[in-house]
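**Student:** Any chance you could fold what I've pasted below:
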Amino acid sequence: MKAVLTNTFKFLVSLSLIAVLSSCSGGGLAAGFNSYQSPDGRYAFLYPTGWTRVAVSGGPQVVFHDLINSDETLSLVVSEVGEEIDLEALGSPEAVGERLVQEVIAPEGTGREVNLVEAGAREEDNHTFYDLEYSVRLQDRERHELATVVLDRGYLYTLATSTNEVRWPKVQNIFDRVITSFTFLI
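**Tutor:** Residues are numbered from 1 along each chain as shown. So this is what the prediction gives:
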């Protein structure tokens, strides 16, 4: 009888340990990330743990930056474009990426040199996303940026992450996880 109770106890302890370890391993939210959801519940995305939201007026709708490496940023720009436009009508990923360079990232007179490193499309949840990678040369430093662009209900969403070129190899996978986490909830 004592052996049966001991084995039952070991079995229950093992089950409890498995349950605890399973819940710690992230049954949804990836380790090292927090979730942001828009106040209207329309969209959500992940951002790195240790980053804080910054209030910006007249600029992006949402901005986060790393508390330790404050030049690492994440921003979301939302622009109304009209219901009749779809992403493919704006052009290929490369064309949209180059247009963003000319009109947003490095318009004439900014002194920025920008190279579109890579551009691609992906389909998720009935939306087409254009994922873009840039290298940016400013007058005093070099930076690297990843962005995703998507249209929904007449609005163009551009979620971008940026860091200095030295840190890029260390945060590349993190930034990729951030931009590919962008999703619509309604």
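**Student:** Going along the chain, name the helices of the chain.
**Tutor:** 2-24, 87-90, 93-100, 168-180 (DSSP state H).
**Student:** ranking the ones you listed by mean pLDDT, which is last?
**Tutor:** Note on the helices of the chain: lowest mean pLDDT is at helix 2-24, with a mean of 35.
**Student:** For the protein, which residues score under the pLDDT cut-off?
**Tutor:** Under the criterion pLDDT under 70, the flagged ranges of the chain are 1-30.
**Student:** tell me the domain ranges of it?
**Tutor:** 1-28, 32-184 (automatic domain parsing).
**Student:** Let me have these in JSON lines, adding mean neighbour count as columns.
**Tutor:** Yep, even glycine has a C-beta here, placed from its N, CA and C like the rest. Converted to JSON lines, the domains of the chain look like this (neighbours: other CB atoms under 10 Å):
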{"stretch": "domain 1-28", "mean neighbour count": "9"}
{"stretch": "domain 32-184", "mean neighbour count": "15"}
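**Student:** Does Gly154 touch Asp86 like I think?
**Tutor:** No: using CB atoms under 8 Å as the test, Gly154 is too far from Asp86 to be in contact (10.4 Å).
**Student:** in this protein, which spans are strands?
**Tutor:** With DSSP state E, the ranges of strands along the chain come out as 33-37, 43-48, 51-53, 62-66, 73-80, 113-124, 127-137, 142-152, 155-164, 183-184.
**Student:** could I get the longest one in CSV with only the CA atoms?
**Tutor:** Read it as strand 113-124. Output of strand 113-124 as CSV, limited to C-alpha atoms (Å, rounded to 0.1, in the frame of the first residue of the first chain):
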residue,chain,number,x,y,z
GLU,A,113,21.0,57.7,-48.1
VAL,A,114,18.7,54.7,-48.1
ASN,A,115,19.1,51.3,-49.7
LEU,A,116,16.2,48.9,-50.0
VAL,A,117,18.0,45.7,-49.0
GLU,A,118,15.1,43.2,-49.4
ALA,A,119,11.4,43.4,-50.1
GLY,A,120,8.8,40.5,-50.1
ALA,A,121,5.2,39.8,-49.7
ARG,A,122,3.4,37.4,-47.4
GLU,A,123,-0.3,36.4,-46.9
GLU,A,124,-1.8,36.1,-43.4
